[in-house]
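Student: sequence first, then the predicted structure:
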Amino acid sequence: MEVPVAKGTEPLRDAVAARQAAKEIGYPVLLKPAGGGGGKGMRVVARDEGFDAAWRGATGEATAAFGQPALYLERQIMNARHVEMQILADGHGTVVWLGERDCSIQRRHQKLIEESPGPSVTEELRAKLGAAAVRIAKRAGYVNAGTVEFLVEAYGQFNFLEVNTRLQVEHPVTEMVTGIDLVALQLRIAGGEPLPFTQDQIERRGAAIECRITAEDPFAGFVPASGRVALVREPAGPGIRVDSALFSGMTVPSEYDSLLAKVIAFGGNREEAVGRMRRALEEMRVAGIPTSLPFHRAALFEQDFVTGRYDTDFVARWDPKKGPDLPDGTVTAGALAAVLAMRSRGERRAVPVADPAWGRAGREDALR
Amino acid sequence: MRYEVTLDDRLVRVELADHGRFTIDDRAVAADIRETVRGRQWSITVDGESHEITVVTHDPLRLDVDGHDVRATVVDERALRANRGAAGTRSGRVELRAPMPGLLKAVHVKEGDRVAADAPLATLEAMKMENELLAPSAGRIVKVGAAAGAKVEAGAVLIVIASD
């Protein structure tokens, strides 16, 4: 079908056969659950010695998550970018592509930041990925919105990964740059209607970025956190969209996915989208449980993100200990608040704080 | 009451006097403080600039200061006095607690093992994922409180480290 794929195997159940296959493919190899998706249960095996332990862990996780232990193997492509192509296919044989999303910023093979257009994707590569995605969907007789995922290596070589036969978490990024309501079109396609536009009529403009705010602690290896949300403030303003399930007082349970909210920023170009996202994240507050917000705030200032030259190792390379440089006034206020927070919690005793009229006037002045 | 506060890597000495007067690093500061959400958020005006501070989590203490994330510690004068004379920084028991309820899939260390900071100590399955729990500090494992296969509650002490 002329779609390049990474070297790999069929689904396997036998550890000995799998280890032999891994040797033939060449390390590092990737173990992927045959019944799954969304990056759950995937493992990288660096060396032959580590294969058996990784196989045991991955089959256990695959059984727990998807009800079947079979795994397939794939050559692990290093320094790659995860680029996916959004498609729409109606029941009348029409398939169109809407543009790509770069989803390389991941932890545990699950996405944290997505953007469109992909900063590394040339017009030529975009057309190739679009054509390949349409070929795959047509050959499979696919009908629905869908996403065709690729791993793009340096110099634009690409390998087909998989098709996500559903609406994805990151679909708003494509909606923002195309102005197309993907959910509405899913319903129309399901109702038997033809697509209301052709490939040539699809216009992409500007740039959009999505940050997935999750209940995870970025200072502790993104370990999930559950508990009660004490306070929420969501950002707003020009070019900002928030798709969220957050509210003050909600309890984040430990049984479900850790996604809490999606912050999407649109701009006339990438620079404007980055600026708006930084401002939105600075405005957002979530308290009571740790969230990924500190990671997202820092990521938007990382040199590799600003220049658009990042790959799937971005999160692994991020240093959580590198804090922001705070101005003196901010440090003073922060230190006072730290003491007040400890006292209000520890002693439950009112701190003697006067609220004189001059203080109020000063605060109001500062707001002007 | 006197306190030593760290904000990321910065050490700040705070003295809280009566009637809302403060000194920061022995300098008197005219700060106007209002608690906007009880025990959770403060509006503090220092030198004519207004700041908003939100307590993201109490333990460990994490603050959102004007949209910046800061990890903080507070030690009061009683604790300072108790520590006086002790060489270097804090050493002692450090506990690895379950950050959330889940199934303990594996424990990678045993009592007596030496571990580096951020070394994986145990695997906890929760939120449909296997999560590696990392060593909060370097040291020697003095206690393993739960075995693989155990269901653990949030906050359960899984491993105790005598830190370096």
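Tutor: Nice, thanks for sending it over. Quick caveat: nothing in here was measured; it's all calculated off a predicted structure.

Student: alpha carbons only for contacts and neighbour counts from here, please
Tutor: OK.

Student: now A:V83, nearest residue through space, not along the chain?
Tutor: A:D102 (4.5 Å; C-alpha to C-alpha, 6 or more residues apart in numbering or on different chains).

Student: can you list the domain ranges for chain B.
Tutor: B:2-83, B:93-163 (automatic domain parsing).

Student: out of the ones you listed, which comes closest to A:K138?
Tutor: Among the domains of chain B, domain B:93-163 comes nearest to A:K138, with 33.7 Å by C-alpha to C-alpha.

Student: return the distance of the closest one from the chain's centre.
Tutor: 17 Å (C-alpha atoms, centre = their mean, to the nearest Å).

Student: A:E210: what's its closest spatial neighbour, skipping adjacent residues?
Tutor: Per C-alpha to C-alpha, 6+ apart, closest to A:E210 is A:I264, 4.3 Å.

Student: please disregard the earlier target; I meant A:R101.
Tutor: Leaving aside its chain neighbours, A:R101 sits nearest to A:S116 (4.7 Å; criterion: C-alpha to C-alpha, 6+ apart).

Student: and that neighbour, how many neighbours?
Tutor: Using other C-alpha atoms under 10 Å in any protein chain shown, A:S116 has 27 neighbouring residues.

Student: who's in contact with it?
Tutor: Residues in contact with A:S116, defined by C-alpha atoms under 8 Å, 6 or more residues apart in numbering or on different chains, are A:99-102, A:173-174, A:177, A:207-209.

Student: hmm, try it at 6 Å
Tutor: A:101, A:207-208 (C-alpha atoms under 6 Å, 6 or more residues apart in numbering or on different chains).

Student: ranking by neighbours, what's the top pick from the residues you listed?
Tutor: Greatest neighbour count in the contacts of A:S116, by other C-alpha under 10 Å, goes to A:A208: 31 neighbours.

Student: I'd say that residue and A:G268 touch.
Tutor: No. Counting by C-alpha atoms under 6 Å, A:A208 stays clear of A:G268, with 8.9 Å between them.

Student: can you give the domain ranges for chain A?
Tutor: Domain assignment for chain A by automatic domain parsing gives A:15-75, A:81-317.

Student: which stretch in these has the least confidence?
Tutor: Here the domains of chain A differ in mean pLDDT, and the lowest is domain A:15-75 at a mean of 87.

Student: count of residues packed around the closest residue to A:M277 other than its chain neighbours?
Tutor: Residue nearest to A:M277 in three dimensions, not counting chain neighbours: A:A265, with 5.3 Å by C-alpha to C-alpha, 6+ apart. A:A265 is flanked by 31 other residues according to other C-alpha under 10 Å.

Student: one more: the one 5 residues further on?
Tutor: Neighbour count of A:R270, defined by other C-alpha under 10 Å: 22.

Student: which non-adjacent residue is nearest it?
Tutor: Spatial nearest neighbour of A:R270, chain neighbours left out: A:A207 (5.1 Å); criterion: C-alpha to C-alpha, 6+ apart.

Student: A:E271 is in contact with that neighbour, correct?
Tutor: No. At 8.5 Å, A:A207 and A:E271 do not qualify as touching, with contact defined as C-alpha under 6 Å.

Student: what segments of the stretch 101-250 of chain A are strands?
Tutor: In the stretch 101-250 of chain A, the strands defined using DSSP state E, counting those that start in this stretch lie at A:110-116, A:144-152, A:158-164, A:207-214, A:216-217, A:223-224, A:227-228, A:231-233, A:240-244.

Student: any chance of those in TSV, plus distance to A:R317?
Tutor: Shown next, in TSV, are the strands of the stretch 101-250 of chain A (distance: least, C-alpha to C-alpha, whole Å):
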stretch	distance to A:R317
strand A:110-116	14
strand A:144-152	19
strand A:158-164	23
strand A:207-214	18
strand A:216-217	16
strand A:223-224	17
strand A:227-228	29
strand A:231-233	29
strand A:240-244	28
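
Student: and of these, who's closest to A:Q76?
Tutor: Between those, strand A:144-152 lies closest to A:Q76; by C-alpha to C-alpha that is 10.2 Å.

Student: which strands and helices sit next to the closest one?
Tutor: strand A:81-89, strand A:158-164 (3 or more C-alpha pairs under 6 Å, 6 or more residues apart in numbering or on different chains; DSSP states H and E).
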